[in-house]
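S.K.: Got a sequence here, can you model it:
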Amino acid sequence: MAKKKNEILPVALVAATDNFSTTTEQYRTIRTNISFSSADKDIKTLVITSSGPSEGKSTTSANLAIVFANAGSKVLLVDADLRKPSVAISFRLPNATGLSNLLTNREASIDRYYQASSVDNLYVMTSGPKPPNPSELLGSQRMLDIMNVMREEFDVIIFDMPPVATVTDAQILAAHTDGTLLVIRERKTKKQDVIKAKELLTLAKANILGVVYNGKKKGDSAGYYYYG
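M.R.: Numbers count the residues shown, from 1 in each chain. Take a look at the predicted model:
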């Protein structure tokens with residue numbers, strides 16, 4: 001069935017459905033590389049973005065969250081793509097309330113706005129209703145305060161962000177998190193777009209941990225490879 005324009009489809013949670021697949025093992029390798037990417041401090045907060053749409057950043061975010069949880073970490077996956085969210089549909093969770101509600105209700109505590117997933121140790125904060133001003137909300141002091149509380153309650157917090165070359169949202173959060181991963185896709189991501197994305201993240205003083213190369217060659221399994 002052809003995808004309709006602007007239709008949001010669930011991503012494949014292969015790390016939850018096939019623990020022995022090559023792809024799941026590649027996500028574990030990425031998890032290990034992230035864990036050892038900084039000798040000075042733990043990587044607790046992680047932004048995952050791409051240069052453009054449909055390059056695999058939401059698939060990477062979801063499956064990395066799963067393999068971190070499988071390793072025993074208490075993980076929170078946050079759908080911070082307030083423009084085109086996909087986490088709720090991928091994990092089959094309701095999205096009546098989520099991050100956007102938490103950001104606009106200064107009296108609310110975060111435990112009201114995340115949900116347990118079907119994966120042990122993995123909790124999900126969906127996007128909530130689409131707000132008219134995503135960048136302003138993500139760049140607010142309220143967001144920084146929320147992130148500090150998340151750090152206290154969880155071992156790993158993964159933010160699934162919009163593409164960095166399209167809107168400023170990923171830059172805003174990347175400036176305040178421990179690390180950023182840039183996802184690129186074979187035969188889709190253009191070299192000049194990767195360069196632009198890196199420049200934008202560098203401008204935001206993001207700690208770019210590396211690139212996740214996402215591709216599928218004819219006759220091969222889908223591959224996710226990490227380059228530091």
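S.K.: Identify the residue spatially nearest to the residue positioned nearest the centre of the chain, adjacent ones excluded.
M.R.: Closest residue to the average C-alpha location of the chain: D160 at 2.5 Å, with C-alpha atoms, centre = their mean. Counting by C-beta to C-beta, 6 or more residues apart in numbering, S61 is the residue found nearest to D160 once chain neighbours are left out, at 3.8 Å. C-beta: built from backbone N, CA, C; applies to glycine.
S.K.: That neighbour sits in which helix or strand?
M.R.: helix 57-70 (DSSP states H and E).
S.K.: quick one: contacts for the residue nearest to the centre of the chain?
M.R.: Contacts for D160 (C-beta atoms under 8 Å, 6 or more residues apart in numbering) come out as 48, 57-58, 61-62, 77-81, 86-87.
S.K.: now swap in A165 and tell me
M.R.: Per C-beta under 8 Å, 6+ apart, neighbours of A165: 51-52, 193, 196-197, 200.
S.K.: can you pull the pLDDT of the nearest residue to it once chain neighbours are set aside?
M.R.: Spatial nearest neighbour of A165, excluding adjacent residues (C-beta to C-beta, 6+ apart): S51 at 4.7 Å. Confidence at S51, expressed as pLDDT, is 92.
S.K.: ok, how many other residues are close to S51?
M.R.: 28 (other C-beta atoms under 10 Å).
S.K.: V211 versus that one, what's the distance?
M.R.: Using C-beta to C-beta, to the nearest Å, S51 is found at 10 Å from V211.
S.K.: Now for the two: what residues contact both?
M.R.: 182, 184, 194.
S.K.: got those as TSV, with neighbour count columns?
M.R.: Shown next, in TSV, are the shared contacts of S51 and V211 (neighbours: other C-beta atoms under 10 Å):
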residue	neighbour count
L182	28
I184	23
V194	18
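S.K.: Keep only those of those that are in strands.
M.R.: The members of the shared contacts of S51 and V211 that map onto strands under DSSP state E are 182, 184.
S.K.: can you give me the strands in the protein?
M.R.: 45-50, 75-79, 115-116, 122-125, 156-160, 179-185, 208-215, 223-227.
S.K.: where's the longest one relative to the chain centroid, distance-wise?
M.R.: Going back to what we said before, that points to strand 208-215. Centroid displacement of strand 208-215 relative to its chain, using C-alpha atoms, centre = their mean, to the nearest Å, is 13 Å.
S.K.: what bridges to the residue nearest to the centre of the chain?
M.R.: Assessed by DSSP bridges, D160 has beta-bridge partners I48, D79.
S.K.: Could you check the pLDDT of it?
M.R.: Looking at D160, the pLDDT reads 98.
S.K.: measure it to R106 for me?
M.R.: The value you get for D160 to R106, if C-beta to C-beta is used, is 24 Å.
S.K.: got it, and D169?
M.R.: 20 Å.
S.K.: Neighbour count: the two, which is higher?
M.R.: Using other C-beta under 10 Å as the criterion, D169 and R106 rank with D169 on top: 24 against 10.
S.K.: OK, contacts around the more buried one?
M.R.: 80-83, 134-135, 138, 161-162.
S.K.: For stretch 26-35, the averaged confidence score.
M.R.: On average, the pLDDT along stretch 26-35 is 91.
S.K.: sorry, back to before: please check the contacts of A165 and keep the buried ones.
M.R.: In those, burial by neighbour count holds for 51-52, 193, 197, 200, counting by 16 or more other C-beta atoms under 10 Å.
S.K.: gap between T202 and T180?
M.R.: 10 Å.
S.K.: Likewise for S58?
M.R.: For S58 relative to T180 (C-beta to C-beta), the value is 15 Å.
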